[in-house]
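Enquirer: what would the 3D arrangement of this be:
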Amino acid sequence: MDVQGRELCFPQCPDSIKPYHGKKFDTLPQAEEFYRKYATACGFETRLSAIHRASDGTITSRYIVCRRQGVWQKAKGYIMQANESKAKKRKTTSCKIACMARAVFKLSTGGRYKITKFNEGHTHSMVPVDTRNLMHSNRNVDEFQQRLIISGIKANIGPMRTFRLAKEILGSYDDVGCTGNDFKNFARDLKVHSKGSDAHMLLESFSNKQELGNGFKFFHDVDEDNKLCRLIWVDEMSVKNYKLFGDAVSFDTTYCTNRYKMIFTPFTGRDNHGKCISFGAGLISHENMESYAWVLDKFVDIMGHAPRLFITDQDPGLKKAVASSWKETRHRFCMWHINTKVAEKLPQKLREDADFRGIYDGLIWNENIDPIVFEENWNNMIEEYDLASNRWFSDMYEDRAKWIPAFFRDVPMSGFFRTTSMSESENSYFKRFIQKKSDLVVLYTNFCSGLDSQRYNYKQATHADDTRSPMMKTNLPIECNATAVYTNAMFKEVQEQIDCSSRVCAMRKMFSDGDDIIYEIEDKLDGLFTVRRLHPHDDVVCSCKLFTRKGIPCMHMFLVFRNMNLDTIPHKYVATRWCKYSILCPNDSTDQVQNHDKHSKSNLELRIFKIASESIGYVRGNEELCNQLYENLIEVRDKFAKLGTPENSSLSKNRMFDEFYGSSPTETPSVLPPDVAKTKGSGAGGRRKSEKEKAMLLAQKPKRLCRKCKTMGHHDSRNCPTKDDADLSS
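Expert: Numbers count the residues shown, from 1 in each chain. Have a look, this model is predicted:
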């Protein structure tokens, strides 16, 4: 027993690892490691305690104590003061129970360290063998686990999910070698590692990429305090994609993608498969005209030219920026954003008027009328329903050339870009990869992961074009020609036009107009259309202008092609952007489509891990070969353990962090991190919901019985409408 009468526990262990008074060590680290191994074998943990130094800084003595040494401060004679809050506090525990087990190492003559004091007894029992893997000294986030956690962060997988994945890979939680909290702490330390330097580290990484000459380009801007406020980046593959598919671009901002609440601004287009494709992205701290204009100007500096069509929401700052920076670009407002406001802008009597809604929808979505007809029908609608004094309708009519399809009939790709749905889809897609409170480096890393996935999907679609053919609907040779030219996704659109040319269209009249030939074609769906065949090059122009709006021949043109006995679609009516990749880039490999940063993928350490995994696959199911592989790997490990230098765990972790960020943090960053932005998307309340959205959310909630009016609804007796009526009548 000790001096306080407590029964002591003396751990059992082999004499070869047991400390004793007078044992000497060449260095202090050797002494510390010896005592740590002794503690681990016995079932307790240690903690470095007091240290004494000579005047020249040499360590003269070092105390190593049991981790359970000391007394929890709050439990040491603690008495609650009268003015102290009695609010419920989180329950905590402590490992300290005043254990006096310890060893003292002192510097002796000859420069060696000697054990001068060794208290063997503990005031607590030893940790059982089956739970010793949970001791701090036995828990270590090693190389494999670190790589697994970082890989999870890149793919936006949380540390606890990564921990469960590690358990499935290694067999059990005990085999993981650490706990879920250790995984979370490692992920936390990774975030803390870049604190205050993430902007500098990201720009340094961008500079290194740009100096490699692989086509990566970026621009950034700082405010008066040298804090990052604007950033845009584009890689080589994005530039190439923009040259192929950059005739129309959708742009929509999104929030909650980083710890600074900087607005994420991806540029999105539509590829030859009809899917979203990214042309680059930016970050801005302020949603004003200057920030938007800066992003648009730098985008053109990188790409070389602005798109023909640019579709956005009705943000006033963005509207001014486009008018200022991209004067030759047709700016279009998203029709969906506009139409979601119709219900709340209408008088109450028209909100549920089906006749009005039919007239309104049939007018604004009609792509077969010209601007004059639209304006005439609009004015008739305004007069009929007495909406002349409605300011919102007047404002929308003033901006009609920026959103009504009738004004975009001559604009290429306008038929596919009437809303910002491509941007909405792109934002939703990247949010699956991007963490809400990530630093700037993690944001870019997650963005690259999403970009890799997007490009891999493109590669899969390209492979499907090369190896699969869609089903035919007709026996026309021109349809067979279309399968060889268009991607499978776009062929469905073309096939529908070819099929309708046989089922829906009929030639009503054909006559000459000078050297031109005029075809009047009746369309059972949309009425009468005129196709003009121009002399002398047989150019075919249809009044529906589908080819201009979508880049595919319309059913009326296909009927004329049949009349001309054409078995193939004339080359001038095959929009290059919808062709298969082998036609778009005949001398290029689709391998370039997937990878935005090839040099990072050739990591030798990852290849070693892949070879080890493949080796396991070769011996799976054969116990003898499995044992042989295991012994060989142990032999290889022991061999390189002798050749290599064991790395301190903290140094290993910092090295892994530096590899992830591409550089080390600095105390004097060239560019400071941005301030937390105040944007339309920030604030506790979030985005303001329209009346229609509120009604839709209310409809999704379950109804309940009101005890006042005895009906099922979304109210109770406290806010029952009948109660209010009764109060008014009284």
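
Enquirer: which residue sits closest to N288, ignoring its sequence neighbours?
Expert: Spatially, and ignoring its direct neighbours in sequence, N288 is nearest to G317 (4.8 Å; Cβ to Cβ, 6 or more residues apart in numbering). Using the backbone N, CA and C atoms, a C-beta is placed for each residue, glycine as well.

Enquirer: and stretch 35-50, end to end?
Expert: 15 Å (Cα to Cα, to the nearest Å).

Enquirer: let me redo that: stretch 379-399
Expert: By Cα to Cα, the extent of stretch 379-399 from end to end equals 15 Å.

Enquirer: buried set for that stretch?
Expert: For stretch 379-399, burial by neighbour count (16 or more other Cβ atoms under 10 Å) applies to M381, I382, Y385, L387, N390, F393, M396.

Enquirer: with stretch 450-470 instead?
Expert: In stretch 450-470, counting by 16+ other Cβ under 10 Å, buried: G450, L451, D452, S453, Q454, R455, N457, Y458, K459, A461, T462, D465.

Enquirer: isn't the fifth one right next to D271, touching?
Expert: No: in terms of Cβ atoms under 8 Å, Q454 does not count as a neighbour of D271; the distance is 9.5 Å.

Enquirer: quickly list what's touching both of the two.
Expert: I277 (Cβ atoms under 8 Å, 6 or more residues apart in numbering).

Enquirer: which other helices and strands contact the top helix by length along the chain?
Expert: In the chain, taking DSSP state H as the definition, the longest helix is helix 440-467. Applying 3 or more Cβ pairs under 8 Å, 6 or more residues apart in numbering; DSSP states H and E, we find helix 440-467 packed against helix 143-154, helix 198-211, strand 276-284, helix 421-431, helix 488-503, helix 581-584, helix 591-594, helix 649-661.

Enquirer: how about residues contacting stretch 456-474?
Expert: 271, 273, 275, 277, 479-480, 483, 487-489, 491-492, 495, 498-499, 502, 580-582, 590-591, 593-594.

Enquirer: need the max-distance pair from the buried residues of stretch 379-399.
Expert: Pairwise distances across these peak at 14.4 Å for Y385 and M396 (criterion: Cβ to Cβ).

Enquirer: need the buried residues of stretch 450-470 in a markdown table with pLDDT, can you?
Expert: Listed next are the buried residues of stretch 450-470 as a markdown table, based on pLDDT from 0 to 100:
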| residue | pLDDT |
| --- | --- |
| G450 | 91 |
| L451 | 93 |
| D452 | 93 |
| S453 | 92 |
| Q454 | 94 |
| R455 | 94 |
| N457 | 94 |
| Y458 | 94 |
| K459 | 94 |
| A461 | 94 |
| T462 | 94 |
| D465 | 93 |
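
Enquirer: a strand runs through T265, doesn't it?
Expert: Yes: assessed by DSSP: H, G, I helix; E, B strand; the rest coil, T265 belongs to a strand.

Enquirer: can you check the pLDDT for the residue nearest to it when sequence neighbours are not counted?
Expert: Leaving aside its chain neighbours, T265 sits nearest to G282 (4.5 Å; criterion: Cβ to Cβ, 6+ apart). Looking at G282, its pLDDT is 94.

Enquirer: got a list of what G282 touches?
Expert: R230, L231, I232, W233, F264, T265, P266, V295, K298, F299.

Enquirer: give me that answer again for 7 Å
Expert: L231, I232, T265, V295 (Cβ atoms under 7 Å, 6 or more residues apart in numbering).

Enquirer: pretty sure the second one sits in a strand.
Expert: Yes: assessed by three-state DSSP, I232 belongs to a strand.

Enquirer: so how far is I311 from it?
Expert: According to Cβ to Cβ, to the nearest Å, I232 and I311 sit 19 Å apart.

Enquirer: comparing these two, which shows the higher neighbour count?
Expert: Between I232 and I311, counted using other Cβ atoms under 10 Å, I311 has the larger neighbour count: 29 against 24.
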